[in-house]
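Participant: Mind looking at a prediction? Sequence and model below.
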Amino acid sequence: MTALMTESLESAIQRAGNAVDLLRNSQRRAFSHGTVSGQFTNWQSEVNAWRESVGFMDQSHHMVDHYVKGPGAFDLLSSLAVNSFKNFKPGMAKQFIATTPDGHYLGDCVLFYLEEELFNLVGRPTSLDWVQYHVETGKWDVTTERDPQSMDRGGRPPEVYRYEFQGPLAGPLVEKLTGQPLPDVKFFGMTDFQIAGHRVRALRHGMAGAVGFEIFGPWSEGDAVRDAILKAGEEFSLLRVGSIAYSTANLESGWIPGPLPAIFSQAELKPYREWLPAKAAGSLAGSFNSSDISDFYVTPLDLGYERLVSFDHDFVGAEALKEHAKGKRRKKVTLVWDAQDMARVVSSAWTEGPKFKHFNMPKARYGLYQMDEVLVGGKRVGISMDCGYIANERAVVSLAVIDEKFAETGTEVTVLWGENPVSTKPQVEPHEQTSIKAIVAPAPYGAHARNAYRK
């Protein structure tokens, strides 16, 4: 990996003068959901499918698969994860969360324990790069293999298909497909199905609080498995979900996709930045514009991962994270944006007066890391990190981390929308910054997701 670099992340930061300027003016694409169609019917109906019937999603293209194999794989991953690995066995999965040495969030992904000495990390490259760095710089007895997202794969197909179906009728659909009663699998537990004559590995999952499974297997079997699901799903009003609708599912479930990794400033991480290619930097968008990159950092505790953090083992950042737990805290919430203010922002495209930053529907993130300032009484109290429209709730919302004393449901806050000064990212047009009123609500926001997410 290092030998192929044209510029390291550390060199890019030095060239730009500081990390904030590098990220805010990045010319790289913000993000991609791969090659899946944006809509198969219309995105509103597709969103409603996972609430009312069953939605089918093709996730084969927008995530990275990173395989770690060997006698040292278990210990390596445990040393980098805040999660406990106690009783973690083949056929199980977990959300893998990594921190920097100073206890800040570095990345998260889904970790599949496929078989003895074989693991697969699936998600954005951030935490996967961190694992690979320790493989190459440590003395772990492991080998690795990476299958990038389709946009970076050079035309060849993925190694595995990865589908998800979820909704209140997902259970009956599984029973029809397999001819067996729905298996009793806990949230994030794994099981096997037989579909279209093929063994299918399944993760009990539910991005928006509905019953669901994420299934995967060899790419060569993917068409047969997909066609069988679509055929059986006709009875249950199954809809295929395109990338536009899928991008909003996290707003319902309350999961913040990929906050800024805290890797850009600490002296201890300079060797890692010299190892990383500059393209790993990503792009930073939004009204929050501190000159100190560390102001953008969060901890796993800020993100609501307290229940996943375990100090029953030693991991990178453990002692620092213990100290964070003793100090001032922030809480993950949903912010429900004021309807009249949103009407004013959107209508500025065709009315006289100032033109505000375009709010793309249904997902309005215009950088890989969306960071908008949250204010109370003109003072910053938090960061709004991911924003868009939840069709099932008919609401514009964002997921945010804010100071605990302002996190009570019903608290009025202000979100600054748009950049000032305006960056040179290609996704940003000339505009004026404006204020939008918002109300603090729980995360997950939808009552269905809050009450049923892990039942």
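Facilitator: Arrived safely, thanks for sending.
Participant: Need the residue closest to the centroid of the chain.
Facilitator: Centrality entry for the chain: nearest residue to the mean C-alpha point is residue 257, 2.3 Å, by Cα atoms, centre = their mean.
Participant: doesn't residue 387 make contact with it?
Facilitator: No. Between residue 257 and residue 387 there is no contact under Cβ atoms under 8 Å: 11.7 Å. Backbone N, C-alpha and C define where each C-beta goes, glycine included.
Participant: Could you find the closest non-adjacent residue to the residue nearest to the centre of the chain?
Facilitator: Once flanking residues are discounted, residue 257 sits nearest to residue 250: 5.5 Å by Cβ to Cβ, 6 or more residues apart in numbering.
Participant: List the contacts of that neighbour.
Facilitator: By Cβ atoms under 8 Å, 6 or more residues apart in numbering, the residues touching residue 250 are 207, 256-257, 386, 399.
Participant: quick one: secondary structure of it?
Facilitator: helix (DSSP: H, G, I helix; E, B strand; the rest coil).
Participant: what does residue 270 give?
Facilitator: Under three-state DSSP, residue 270 comes out as helix.
Participant: Am I right that it is in contact with residue 10?
Facilitator: Yes. Here residue 270 reaches residue 10: they are 6.1 Å apart, a contact under Cβ under 8 Å.
Participant: Looking at these two, which is more packed in?
Facilitator: Comparing residue 270 with residue 10 by other Cβ atoms under 10 Å, the one with more neighbours is residue 10, at 19 against 13.
Participant: Which helix or strand contains the more buried one?
Facilitator: Taking DSSP states H and E as the definition, one finds residue 10 inside helix 9-16.
Participant: For that helix, buried residues please.
Facilitator: 9-10, 12-13, 16 (16 or more other Cβ atoms under 10 Å).
Participant: now stretch 155-173
Facilitator: Of the residues in stretch 155-173, those buried (16+ other Cβ under 10 Å) are 158, 160-171, 173.
Participant: Also stretch 133-141?
Facilitator: For stretch 133-141, by 16+ other Cβ under 10 Å, it's 133-135, 140.
Participant: cool, stretch 354-374 as well?
Facilitator: Along stretch 354-374, these residues count as buried under the neighbour rule (16+ other Cβ under 10 Å): 355-359, 362-374.
Participant: The residues you listed in strands, which ones?
Facilitator: Judged by DSSP state E, the buried residues of stretch 354-374 include 369-370, 372-374 as members of strands.
Participant: tell me the SS of the residue lying farthest from the centre of the chain?
Facilitator: When distances are taken from the C-alpha mean of the chain, residue 352 lies farthest, 37.3 Å away, according to Cα atoms, centre = their mean. What three-state DSSP gives for residue 352 is coil.
Participant: if I look at it, how far off is residue 340?
Facilitator: 18 Å (Cβ to Cβ, to the nearest Å).
Participant: I'd like to know how many residues surround residue 430.
Facilitator: Neighbours of residue 430 using other Cβ under 10 Å come to 7.
Participant: The buried residues of stretch 155-173 in strands, which ones?
Facilitator: Using DSSP E, the members of the buried residues of stretch 155-173 that fall in strands are 160-166.
Participant: hang on, the earlier thing: want to try CSV for the buried residues of helix 9-16, with pLDDT and distance to residue 290 as columns?
Facilitator: Supplementary listing: these in CSV, determined by pLDDT from 0 to 100; distance: Cβ to Cβ, whole Å:
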residue, pLDDT, distance to residue 290
9, 97, 20
10, 98, 21
12, 97, 19
13, 97, 16
16, 95, 16
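Participant: Out of the residues you listed, which is nearest to residue 150?
Facilitator: residue 9 (24.1 Å; Cβ to Cβ).
Participant: Surely residue 192 is in a helix?
Facilitator: No. Using three-state DSSP, the assignment for residue 192 is strand, not a helix.
Participant: Quick one: residues contacting residue 120.
Facilitator: Contacts of residue 120 by Cβ under 8 Å, 6+ apart are 65-68, 111-112, 114.
Participant: With that, I have no additional questions.
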